[in-house]
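Asker: What follows is a protein structure lacking sequence information:
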């Protein structure tokens, strides 16, 4: 199956950001773009499902309420075992329904914490 060309370049981050759904730890963000992210997890994540996620940000990045997280919806497009460590899964998400504040905080995170 051939995938569509990526619209935004993936940015690998210096820190793994924690992601939760309904208070349950889901995994760590290992790359991030304005339209998507890859999460590494201990279990496969169900695909073709919209998740309501909370992503913790670095302590110096805060939302308008002075909290260091953002909440958004994302669709898990694919899930597969990590080739380097089959104890983990890589999961690709497309971000959905992102408001302007969340978008700005994601952009700030990418700009300040991406690997060179």
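Answerer: Perfect, thanks for sending it. All of these numbers come straight from a predicted model, not from anything done at the bench.
Asker: which ones are touching the residue lying closest to residue 64 once chain neighbours are set aside?
Answerer: Using CB to CB, 6 or more residues apart in numbering and skipping residues adjacent in sequence, the residue nearest residue 64 is residue 101, 6.1 Å away. From N, CA and C alone the C-beta is placed, and that goes for glycine too. Each residue near residue 101 by CB atoms under 8 Å, 6 or more residues apart in numbering is listed here: 63-64, 70.
Asker: Quickly find the element holding the most centrally placed residue in the chain.
Answerer: In the chain, the C-alpha nearest the mean C-alpha coordinate belongs to residue 37, at 3.9 Å (CA atoms, centre = their mean). Taking DSSP states H and E as the criterion, residue 37 maps to strand 36-41.
Asker: What average pLDDT does that strand get?
Answerer: Averaging pLDDT along strand 36-41 gives 95.
Asker: Report the beta-bridge partners for the residue nearest to residue 26 when sequence neighbours are not counted.
Answerer: Using CB to CB, 6+ apart and skipping the chain neighbours, the partner closest in space to residue 26 is residue 19 (4.7 Å). Beta-bridge partners of residue 19, counted by DSSP bridges, are residue 27, residue 55.
Asker: Could you turn the buried ones of the contacts of residue 101 into a PyMOL selection?
Answerer: Buried residues within the contacts of residue 101, by 16 or more other CB atoms under 10 Å, are selected in PyMOL with:
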select buried, resi 70
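Asker: what's the closest of the contacts of residue 101 to residue 47?
Answerer: Closest approach to residue 47 among the contacts of residue 101 (CB to CB): residue 70, at 22.5 Å.
Asker: pLDDT at that closest one, what is it?
Answerer: Model confidence at residue 70, given as pLDDT, is 93.
Asker: so what's it bridging to?
Answerer: With DSSP bridges as the rule, residue 70 is bridged to residue 55.
Asker: so it makes contact with residue 61?
Answerer: No - proximity of residue 70 to residue 61 does not meet the contact threshold set by CB atoms under 8 Å, at 9.0 Å.
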